[in-house]
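1. model the structure of this input:
(4 chains)
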There are 2 protein chains.
Amino acid sequence: MIRGGIGASMSFEGKDMPRKGARVKISDVSDALGLTKSTVSRALNHYPDISETTRTRVQAMADKMGYRPLSHAQAIRTGLVKSLGLVIQMADHDAQRPFLSTFLAGLSEGASTEGFTLTIATSNSEQVTLDTFKSMIRDHKADGFILPRTMVDDPRIALLRAADVPFVLFGRVAGASDLPFYDVKGGAAMHEAVQHLAVLGHRQIGFINGGTQYSYAPTRADGFLRGMFDAGLVVDPALMAQDAVTIDQARIAADGMLAASTPPTAIICAVDMAALGVYETAAARGLKIGYDLSVIGYDGIPEGAHVSPPLSTFAVDFKHAGLRLSDLLIRNIRGENPTGLQETATAQFLHRGSTGPAPHSHTNSKGGNYESEL
Amino acid sequence: MIRGGIGASMSFEGKDMPRKGARVKISDVSDALGLTKSTVSRALNHYPDISETTRTRVQAMADKMGYRPLSHAQAIRTGLVKSLGLVIQMADHDAQRPFLSTFLAGLSEGASTEGFTLTIATSNSEQVTLDTFKSMIRDHKADGFILPRTMVDDPRIALLRAADVPFVLFGRVAGASDLPFYDVKGGAAMHEAVQHLAVLGHRQIGFINGGTQYSYAPTRADGFLRGMFDAGLVVDPALMAQDAVTIDQARIAADGMLAASTPPTAIICAVDMAALGVYETAAARGLKIGYDLSVIGYDGIPEGAHVSPPLSTFAVDFKHAGLRLSDLLIRNIRGENPTGLQETATAQFLHRGSTGPAPHSHTNSKGGNYESEL
DNA sequence: ATCGTTTCCGAAACCGGTTTCGGCAAGGGT
DNA sequence: ACCCTTGCCGAAACCGGTTTCGGAAACGAT
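-> Predicted coordinates for the structure are as follows:
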């Protein structure tokens, strides 16, 4: 196992002078101060048995010399590698694709400000995902994990709990109130979507939900139902679909609705991808979006801005989500109480061109009332 | 710095029996065999001074006990953290977004098969990118780096060379023949695109190039020019544009071409995103794609399959690219000769609906000849 | 039988940090 | 003046591996 190392130089220099270009280690700092490395270590780590005087002196010298501890060197003793783990499972539909880069940007930024890095792995099935978690945990590749796309019954949660490894959910899960999470209130968004359409006079409103295995699905469905109730509208089971996360799946779902006896004048989609499918169906049926048929999406994917008419949707700030998630996870790793590590955010409605007044609208007399409920 | 550790149990068990659930370390293996840990270490690392007999014996026991060395524990001595670094810079246009997930999938798969992990960071400017590299190098967060989107004069290359850190380029760069790289032959694709259109009778062919700062731009331009020359066609400077990587930029470029005295009957785009911009321009001008105007793209982004008509393009296999890049990088880290770590791949033409015979075509007599040159 | 060579493994140092333990000196109380 | 704290730091062990060094046993050759 011979390897040409960078530090294999044999130049002679002052024995107390660290070789230029070589990494400055803790002993370099302690030597420079006439202290022992144990003192320097404790000073830098705010041990109470170090006087404030020498603490600042050590800190100053460390800064001056540009000392930065080697995270994997401390890891062997502390057990912390200063890294956040992310296992991205992209199987089936990979609707997560459009947000991935901004999501990563948020995670990376949040991690790096605390001196953490991001260790990621991918998988293409649930089994591989779980195996990846196991090996990453066993080899201690990360101090904690971010779990995107939580599912209603998520096996990752059981695994990480059993291993006693910190983690944070992107999307809360029912019945586990003691877990750290960050979630965007999709239910509220669906509720708002219904109100928006009701004000425009729509009465037959369809709802195309996403994958029922995901925790967001029931939440958004609830928001839709509640919105319909609050608007005094009747929910038609024929206008409810689910498990549509791709364009094709949504195309079929929308086609079914439009063939119903009382077709919808508006369709709300739990994910933008589905909304794009509705666009295709409408085009095939000669319906003009925003005129014959109103559509509202959710997610805020960039493609939505380029279809015609531009898709009105609820934009999720994935950069911010990543930022918050990494912060929550790091605090969880540091031992904060999980129940205090729960955050929600609001999706922002982008009023673009895909909604309009209900066709043949006999100006719903209740129209004005909904405003006050917003 | 008090931290509740998992291993803080005080249960009494046989002194030679590793606690169940605890990680099995090298001393556990050596104890079980009656050897010293130094012998076990050398056996596992194929040192020549270990007899084949004990080598297999050690290996068997290690496997049986499920021993896996802690990468950050070995890193402190070997200097290798067994991790590949990736700094994703998403500024300006982030056209790289659509491929990111599959690209990561390839990288991750390639890395994990060799026991490596992926450490990623993001940035939003060149300066931040370089700073990120510096800090990752200083803290030894990765053993080598993958450089996506190489530029013609890439500051990352200088930085990594100076630091003597292994890396591999995604996209070769002119004048640095001693660097490891993986590249997709975009020039050949542009050449093929011209041939395809020439066969269809097109004579006025426009070319919209991508960002000129990227190394792929001159390559693709050369391919286009060579293709025009080989097809016996004249290049009209008015039909050449560049730095169009977004829909909007391409829209403007295409608009300029179509307003020229001899407008193109076909436009080749260096990136799919630009092709989508051409679609918009065509729509605005009432031109039917594949009929009044032919378009060929490059990249193979998923959106291309959903526009109407579906975009004919050259698909790049980003999963494969990631797979090969990680392999090349790991071999580079292991000390292989860089000149042997250079690979190219071919983009595959997806013949979809965006090309058709040249309008008003007076059946170019040379038409048939191009076939034989393919 | 003697004397080098090899072969093969144990002992111990090492990597760059962290953490425990103990002791010296200054300070406080009586 | 004496004892007991308390504050503060050095010495040394430790984390989980790797690598150097040296020596005992087996081997081969004289």
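
2. in chain A, which spans are strands?
-> A:83-89, A:117-123, A:144-147, A:167-170, A:181-184, A:205-208, A:240-241, A:266-269, A:294-299, A:312-315, A:342-345, A:348-350 (DSSP state E).

3. can you tell if the second one touches chain B?
-> If I follow you right, that is strand A:117-123. Yes - residues of strand A:117-123 contacting chain B under Cβ under 8 Å from any Cβ of the partner chain: A:117-122. (Each C-beta comes from the backbone N, C-alpha and C, glycine too.)

4. mean neighbour count, the strands of chain A: which tops it?
-> strand A:266-269 (a mean of 32; mean count of other Cβ atoms under 10 Å in any protein chain shown).

5. mean confidence score for it?
-> Confidence for strand A:266-269, expressed as mean pLDDT, is 98.

6. can you give the strand pairings for it, parallel or anti for each?
-> Using DSSP bridges, the strands paired with strand A:266-269 are strand A:205-208 (parallel), strand A:294-299 (parallel).

7. mind putting the strands of chain A in a markdown table, distance to B:P98 included?
-> As requested, the strands of chain A are arranged in a markdown table below (distance: least, Cβ to Cβ, whole Å):
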| stretch | distance to B:P98 |
| --- | --- |
| strand A:83-89 | 15 |
| strand A:117-123 | 16 |
| strand A:144-147 | 22 |
| strand A:167-170 | 21 |
| strand A:181-184 | 23 |
| strand A:205-208 | 24 |
| strand A:240-241 | 27 |
| strand A:266-269 | 21 |
| strand A:294-299 | 15 |
| strand A:312-315 | 19 |
| strand A:342-345 | 25 |
| strand A:348-350 | 21 |
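
8. out of these, flag the one nearest A:L33.
-> Evaluated with Cβ to Cβ, these place strand A:117-123 nearest to A:L33, the distance being 29.4 Å.

9. C-alpha coordinates for that closest one, PDB please?
-> Taking Å, rounded to 0.1, in the frame of the first residue of the first chain, the C-alpha atoms of strand A:117-123 are listed here in PDB:
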ATOM      1  CA  THR A 117     -21.200  18.800   5.000                       C
ATOM      2  CA  LEU A 118     -23.700  16.900   3.000                       C
ATOM      3  CA  THR A 119     -23.300  13.200   2.200                       C
ATOM      4  CA  ILE A 120     -25.700  11.900  -0.300                       C
ATOM      5  CA  ALA A 121     -26.600   8.600  -1.800                       C
ATOM      6  CA  THR A 122     -29.200   7.500  -4.300                       C
ATOM      7  CA  SER A 123     -31.400   4.400  -4.600                       C
END
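
10. for that strand, which helices and strands make contact with it?
-> Helices and strands touching strand A:117-123, by 3 or more Cβ pairs under 8 Å, 6 or more residues apart in numbering or on different chains; DSSP states H and E, are strand A:83-89, helix A:97-113, helix A:126-138, helix B:97-113, strand B:117-123.

11. could you redo the last one with a cut-off of 10 Å?
-> strand A:83-89, helix A:97-113, helix A:126-138, strand A:144-147, strand B:83-89, helix B:97-113, strand B:117-123 (3 or more Cβ pairs under 10 Å, 6 or more residues apart in numbering or on different chains; DSSP states H and E).

12. which one of these lies nearest to DNA strand C?
-> strand A:83-89 (15.5 Å; Cβ to the nearest atom of the strand).

13. paired strands for the closest one, with orientation please.
-> By DSSP bridges, strand A:83-89 pairs with strand A:117-123 (parallel), strand A:144-147 (parallel).

14. now that strand: average pLDDT?
-> On average, strand A:83-89 scores 96.

15. tell me what angle that strand forms with helix B:97-113.
-> 110 degrees (axes from the mean of the first three to the mean of the last three Cα atoms, to 10 degrees).

16. B:V199 versus the residue in the stretch 1-150 of chain A positioned nearest to chain B, what's the distance?
-> Chain B sits closest to A:H72 of the stretch 1-150 of chain A, with a gap of 3.5 Å, by Cβ to the nearest Cβ. Distance, A:H72 to B:V199, by Cβ to Cβ, to the nearest Å: 58 Å.

17. out of those two, which sits in the busier spot?
-> For A:H72 versus B:V199, neighbours defined as other Cβ atoms under 10 Å in any protein chain shown are more numerous around A:H72 (23 against 20).

18. mean confidence for stretch A:339-355?
-> On average, stretch A:339-355 scores 95.
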